[in-house]
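# okay, predicted coordinates and the sequence, questions at the end:
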Amino acid sequence: MKKIMKCFPDGKHKVLTLSYDDGKKADKKLVNILNKFNIKATFHLNSGLMDQDQQRIQPEEIKNLYQGHEVAAHTATHPTLARCPGEKIVAEVMGDRRQLEKIVEYSVRGFSYPNGSYNQKIKKLLPELGLEYARIVGNSNNFSLPEDLYSWQATCHHNHNLMEFAEKFSALKKEQYLYMMYVWGHSYEFDRDQNWELIEKFCRYISDRDDIWYAANIEIVDYLKALDNLIFAADCSFVYNPSVLPVWLNVEGEKIKIDGGAKKKIN
């Protein structure tokens, strides 16, 4: 039987993603830097706080500003969810989704826990509310793919050894593994800490690499699910992709693409 390995798009074995919370005005500068280097991120917004706080991105700015990135939920008003009744949790999540979806005109399926607050009951509830993943706070300090999409932990906050992790990530060459570097934070922290040069240095260093896929959080989730949905023949002589997304495999060192809805012989 041939050696077959699942790959990221175009046969790559590494993915980079970023995630920023709260939708403060500093997101404008951050998005400008990310766009300059063709790096994607997910932005978790509180739709119920925008009208009350002029330091937040306003509804009429959202669609254009975050184009090419992912807009995700962060609850409407940023409560500590583990202290809320179930009815409040549902209202906060669904209220945020509804308002954001009216603005961006696509289904909002990502989430990060406000104040980092969650428990097992909340985790079990989120899929019923249409959410595909949820990011927690803290740093994993590794480049592993998430084992639990509803307690997805980033590699590092941007103030936590960012360039050291970037150098380690760029040096990973073993294609028998899939690696992910995930950076999180709040854009206003760059103003507070006066270290905008850090994120620009990082983006300049890590951008435009042939072995890295640059993706928003939801793109990673969708792609991993498409990989898991592949249907192989018992002897792995062919594979069928029932998903819409195309996916890639490494077959004996050859990187092959399986289009959505296609069956492909594995030579």
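Done, it's in. Just so we're clear, the structure is a prediction, and the values are computed from it rather than from any experiment. Numbering: from 1, shown residues only.
# going forward, measure contacts between C-alpha atoms and count neighbours the same way
Will do.
# and the chain, what are its domains?
As given by automatic domain parsing, the domain ranges for the chain are 13-225, 231-265.
# of all those, which lies closest to Met5?
Proximity of the domains of the chain to Met5 was assessed by Cα to Cα; the nearest stretch is domain 231-265, lying at 5.0 Å.
# go through the closest one and flag the buried ones.
232, 239-243, 246-250, 255-259, 263-264 (16 or more other Cα atoms under 10 Å).
# one more: stretch 134-146?
Buried residues in stretch 134-146, defined by neighbour count with 16+ other Cα under 10 Å: 134-138, 141-145.
# stretch 212-222 now?
212-218, 220-221.
# swap in stretch 97-117?
Neighbour-count burial for stretch 97-117 flags 97, 99-101, 103-104, 108-114 (criterion: 16+ other Cα under 10 Å).
# low-confidence stretches in the stretch 1-150 of the chain?
Scanning the stretch 1-150 of the chain with the threshold set as pLDDT under 70 gives no residue ranges.
# run through the helices of it in chain order.
Listed in chain order, the helices of the stretch 1-150 of the chain (DSSP state H, counting those that start in this stretch) span 27-36, 59-65, 86-104, 120-125.
# any chance you could list what contacts the longest one?
Put plainly, it is helix 86-104. 46-48, 59-60, 62-63, 71-77, 81, 107-108, 129 (Cα atoms under 8 Å, 6 or more residues apart in numbering).
# now with 6 Å, please.
Outside helix 86-104, the residues within contact range by Cα atoms under 6 Å, 6 or more residues apart in numbering are 47, 63, 75-76, 107-108.
# which element follows the helix or strand containing Lys255 toward the C-terminus?
Per DSSP states H and E: Lys255 is located in strand 254-258. Tracing the chain past strand 254-258, the next element assigned as helix or strand by DSSP H and E is strand 263-265.
# that next one - contacts with which helices or strands?
In terms of contacts (3 or more Cα pairs under 6 Å, 6 or more residues apart in numbering; DSSP states H and E), strand 263-265 is packed against strand 238-240.
# for the strand it packs on, name the packing helices and strands.
Here strand 238-240 touches strand 231-232, strand 263-265, going by 3+ Cα pairs under 6 Å, 6+ apart.
# reformat the ones you listed as JSON lines; add mean pLDDT and distance to Asn38.
As requested, those are exported to JSON lines (pLDDT from 0 to 100; distance: least, Cα to Cα, whole Å):
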{"stretch": "strand 231-232", "mean pLDDT": "97", "distance to Asn38": "33"}
{"stretch": "strand 263-265", "mean pLDDT": "95", "distance to Asn38": "32"}
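# mind putting these into CSV with distance to Glu197?
What follows is the helices and strands packed on strand 238-240, written out as CSV (distance: least, Cα to Cα, whole Å):
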stretch, distance to Glu197
strand 231-232, 46
strand 263-265, 47
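# all strands for the stretch 1-150 of the chain, in order.
4-7, 14-21, 41-45, 70-73, 135-139 (DSSP state E, counting those that start in this stretch).
# which of those strands sits closest to His186?
Shortest distance between His186 and the strands of the stretch 1-150 of the chain, using Cα to Cα, is found for strand 14-21: 5.1 Å.
# between that closest one and strand 135-139, how many degrees?
Here the directions of strand 14-21 and strand 135-139 differ by 100 degrees (axes from the mean of the first three to the mean of the last three Cα atoms, to 10 degrees).
# how far away is Asp210 from His13?
As for Asp210, its distance to His13 is 10 Å (criterion: Cα to Cα, to the nearest Å).
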